[in-house]
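J.: quick check, what structure comes out for this input:
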Amino acid sequence: MTTLAAPLSLGRSLALDSGDLVLDDAGRLAMVTGTAALSQALVLSIETQQGSDRLNAGFGFDRAAVGAYAYGVHTQKEYVKMQLVRCVGLDLRVKDVREAFFQDDPRYAELNPGLDAATLEQIAATARTTRQYTVYVIVETINSDVVTLQAGGLVG
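T.: Model prediction:
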């Protein structure tokens, strides 16, 4: 007789909206569980400057180093990708960081087939002009679920 193992817990946490606690319909603190809890935790780690947590100096994303050197945007985007893999990969609930890409990369178009070429070019042109890029990170959890994270910020 074969028994199936129960999925591992992806966590439980208080729900956040832009860093603020969320209340449910009854006025109590709302909770998130499973992939929603993991996604929230990973986005929080990306939004936390590495070294700002005194108890865990390795936690977070090294955003300050992105513009510290006179490299081009391409090199800075590659640095961001490497930092994302390091930052997200530290979470024990993440089995694999499958890929990271920006909205002006060809991969974005592949994963958004409903957008026409003109819209895709407008999205990419806006990102390049404003240097406000959105990055997408696709991770596989310890339960083999696939989660896509989205984070935005300044590159260059």
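
J.: make it CA atoms for all contacts and neighbour counts henceforth
T.: Noted.

J.: helices of this protein, start to end?
T.: 34-47, 73-89, 106-111, 117-130 (DSSP state H).

J.: what's next to the shortest one, contact-wise?
T.: Helix 106-111 is contacted by residues Phe101, Phe102, Gln103, Leu115, Leu120 when judged by C-alpha atoms under 8 Å, 6 or more residues apart in numbering.

J.: any low-confidence regions in this structure?
T.: Applying pLDDT under 70 to the chain flags the ranges 1-6, 67, 69-70, 153-156.

J.: gap between the residue nearest the centre of it and Lys95?
T.: Most central in the chain under C-alpha atoms, centre = their mean is Leu149, positioned 3.8 Å from the mean C-alpha point. From Leu149 across to Lys95, the span is 15 Å (C-alpha to C-alpha, to the nearest Å).

J.: got it, and Gly27?
T.: Distance from Gly27 to Lys95, by C-alpha to C-alpha: 36 Å.

J.: what do you get for Val135?
T.: 20 Å.

J.: so for the two, which sits in the more crowded spot?
T.: Taking other C-alpha atoms under 10 Å, Val135 and Lys95 do not tie; Val135 has more neighbours (21 against 17).

J.: neighbours of the closest residue in space to the more buried one that isn't next to it in sequence, just the number please.
T.: The shortest distance from Val135 to any non-neighbouring residue, by C-alpha to C-alpha, 6 or more residues apart in numbering, is to Phe102 (4.5 Å). Using other C-alpha under 10 Å, Phe102 has 20 other residues around it.

J.: what sits against Phe102?
T.: Going by C-alpha under 8 Å, 6+ apart, Phe102 touches Tyr108, Tyr133, Thr134, Val135, Tyr136.

J.: by neighbour count, which of those residues wins?
T.: Neighbour max across these (other C-alpha under 10 Å) = Tyr133, 23 neighbours.

J.: now Gly152: how far from Gln103?
T.: Gly152 is 10 Å from Gln103, by C-alpha to C-alpha.

J.: more crowded one of those two?
T.: Using other C-alpha under 10 Å as the criterion, Gly152 and Gln103 rank with Gln103 on top: 20 against 13.

J.: phi and psi next, for the more buried one.
T.: phi -70, psi -10 (degrees, to the nearest 10).

J.: surely it meets Thr134?
T.: Yes. Gln103 sits in contact with Thr134 when judged by C-alpha atoms under 8 Å, with a separation of 6.0 Å.

J.: list residues touching both of these two?
T.: In contact with both Gln103 and Thr134: Ala127, using C-alpha under 8 Å, 6+ apart.
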